[in-house]
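Novice: how would this look folded up:
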Amino acid sequence: MTMNRRAAGARTLALALGGLGAALMPTGTALAQGQKAPAWPDKPIRIVVPYPPGGSSDIIARAIAQPLSQALGQTVIIDNRAGANGNTGADAVAKATDGHTLLLCDVGALAISPSVYPKLPFDPSRDLRGVGMLAYSPHLLVVHPSVPANNLAELVALSKRERLNFAVTAIGSAPHLAGVAVEKATGAQWNYIPYKGGSQAISDTIAGQTQILMNGMLATLPQVQSGKLKVLGVSKATRVPLLAQVPTIAEQGVKGFESGTWQGVMMPAATPPAVVQKLSAELTRIIRSPEVRERLVAQGAEVRTMTPAELGGFFEQERRRWAQVVAQGGVKPE
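Specialist: Have a look, this model is predicted:
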């Protein structure tokens, strides 16, 4: 009887210890079902800007990098990966698997790519997902100060007498298609000169190697304010406070015309929804903060935020819109 009791007690103790062991072991079904997902981020974050330094997207990325690092407790690295009108950097992010790589780009330009580049190595709609919109800045139509035109009508008339070089960040870029739209609407005759980024296009127009430029206000306004470039029009529905004396392109006869750069953040499509929502909330808070907002407004950008779902809808709307301009203008890659 004593032996049987001892055996039963031993079995009871073994079962109890076994249950305790199962609860403490970092493996097994119980942990797999109840385990919390690892905290994000758990390593440095890389923001890929698919253009050279100095452009609008680069300016936005550097404005949010430090606040984002402080908010998430991780280093934020800016990686300028230019090439193929932004597609090289976008492709790298679409294929990233580390869960900590972001794309900060002109969402409108990215929406144009499928229409201009039929053999992209990635599908923006399928391989990327929107995190949030950050800012918008209209395009400025500017010329070298020596160009004898002070408004769009005079510039169009001049272009019919003298072939003018129109600098664009790349064939198929948003500024290029904006120029095509104005050209088709007015009968102007531009000679498009493609560059590998906005900073190079600006530099050559300042130097007089090209005469006309359509580019984001964020990067172009300082050159207008310094007198190095002359602004003839703004591609916004209404005038902008910093250039209140400058009429919009729509006011100058191109009815309903509006274009610009829309800086937004995207991540690989496989990114967990919880990560997307967390990052979207932090980005929205940062971009709306007084210090960041005032800094961008002073440079000509407007804070424009969107949820991940809203950004996805905007992307598809822009894709359809610019596909028509590409088709009408016969735009083909370089």
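Novice: residue ranges of the strands in the stretch 151-300 of the chain, please?
Specialist: Per DSSP state E, counting those that start in this stretch, the stretch 151-300 of the chain carries strands over the ranges 164-168, 190-194, 212-216, 230-234, 260-268.
Novice: looking at the ones you listed, which is closest to V93?
Specialist: V93 sits nearest to strand 260-268 of all those, at 6.5 Å, using C-beta to C-beta. C-betas here are computed from N, CA, C, even on glycine.
Novice: Name the residues of that closest one that come out as buried.
Specialist: Buried residues in strand 260-268, counted by 16 or more other C-beta atoms under 10 Å: 260-268.
Novice: does G260 really touch A109, like I thought?
Specialist: No. Here G260 does not reach A109: they are 10.6 Å apart, not a contact under C-beta atoms under 8 Å.
Novice: Overlap in contacts, the two.
Specialist: When contacts are counted by C-beta atoms under 8 Å, 6 or more residues apart in numbering, G260 and A109 are jointly contacted by A174.
Novice: what's the burial count for A174?
Specialist: 30 (other C-beta atoms under 10 Å).
Novice: correct me, but P41 touches Q74?
Specialist: Yes. Between P41 and Q74 there is a contact under C-beta under 8 Å: 4.7 Å.
Novice: that older thread, kindly reformat the strands of the stretch 151-300 of the chain as CSV and extend each row with distance to R81 and mean pLDDT.
Specialist: CSV is the format used below for the strands of the stretch 151-300 of the chain (distance: least, C-beta to C-beta, whole Å; pLDDT from 0 to 100):
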stretch, distance to R81, mean pLDDT
strand 164-168, 20, 95
strand 190-194, 19, 94
strand 212-216, 19, 94
strand 230-234, 30, 98
strand 260-268, 14, 95
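Novice: List the buried residues in stretch 313-329.
Specialist: Buried residues in stretch 313-329, defined by neighbour count with 16+ other C-beta under 10 Å: 314-315, 318-319, 322, 325-326, 329.
Novice: Do me a favour and average the pLDDT over that stretch.
Specialist: In this model, stretch 313-329 has a mean pLDDT of 89.
Novice: who's in contact with that stretch?
Specialist: Here stretch 313-329 makes contact (C-beta under 8 Å, 6+ apart) with 107-108, 110-112, 114-116, 124-125, 130, 133, 172, 174, 177, 180-181, 183-184, 262, 306, 331.
Novice: List only buried entries from those.
Specialist: 107-108, 110-112, 114-116, 124, 130, 133, 172, 174, 177, 180-181, 183, 262, 306, 331.
Novice: Show me those residues that map onto helices.
Specialist: 107-108, 110-112, 114-116, 124, 174, 177, 180-181, 183 (DSSP state H).
Novice: What is the nearest of those to T248?
Specialist: The shortest approach to T248 among those belongs to A181, at 13.7 Å (C-beta to C-beta).
Novice: and the closest residue to the closest one other than its chain neighbours, helix, strand or coil?
Specialist: The shortest distance from A181 to any non-neighbouring residue, by C-beta to C-beta, 6 or more residues apart in numbering, is to V325 (5.7 Å). Secondary structure, DSSP: H, G, I helix; E, B strand; the rest coil: V325 is helix.
Novice: and what of T97?
Specialist: Recorded secondary structure, T97: coil (three-state DSSP).
Novice: And for T88?
Specialist: Secondary structure for T88, judged by three-state DSSP, is helix.
Novice: Model confidence for it, exactly?
Specialist: For T88, the predicted pLDDT is 95.
Novice: In this structure it contacts N80, no?
Specialist: No. With contacts counted by C-beta under 8 Å, T88 stays clear of N80, the gap being 10.8 Å.
Novice: Compare those two (neighbour count), which wins?
Specialist: Neighbours around T88 and N80, counted as other C-beta under 10 Å, are more numerous at N80. The numbers are 18 against 15.
Novice: Bridged to the more buried one, which residues?
Specialist: In this structure, N80 bridges to V49 when assessed by DSSP bridges.
Novice: That one and G55 touch, don't they?
Specialist: No. Using C-beta under 8 Å as the test, N80 is too far from G55 to be in contact (9.1 Å).
Novice: which residues do these two both contact?
Specialist: Common contacts of N80 and G55 (C-beta under 8 Å, 6+ apart): V49.
Novice: Can you report how many residues neighbour A281?
Specialist: Residues near A281, counting by other C-beta under 10 Å, number 13.
Novice: need the contact list for it.
Specialist: By C-beta under 8 Å, 6+ apart, the contact list for A281 is empty.
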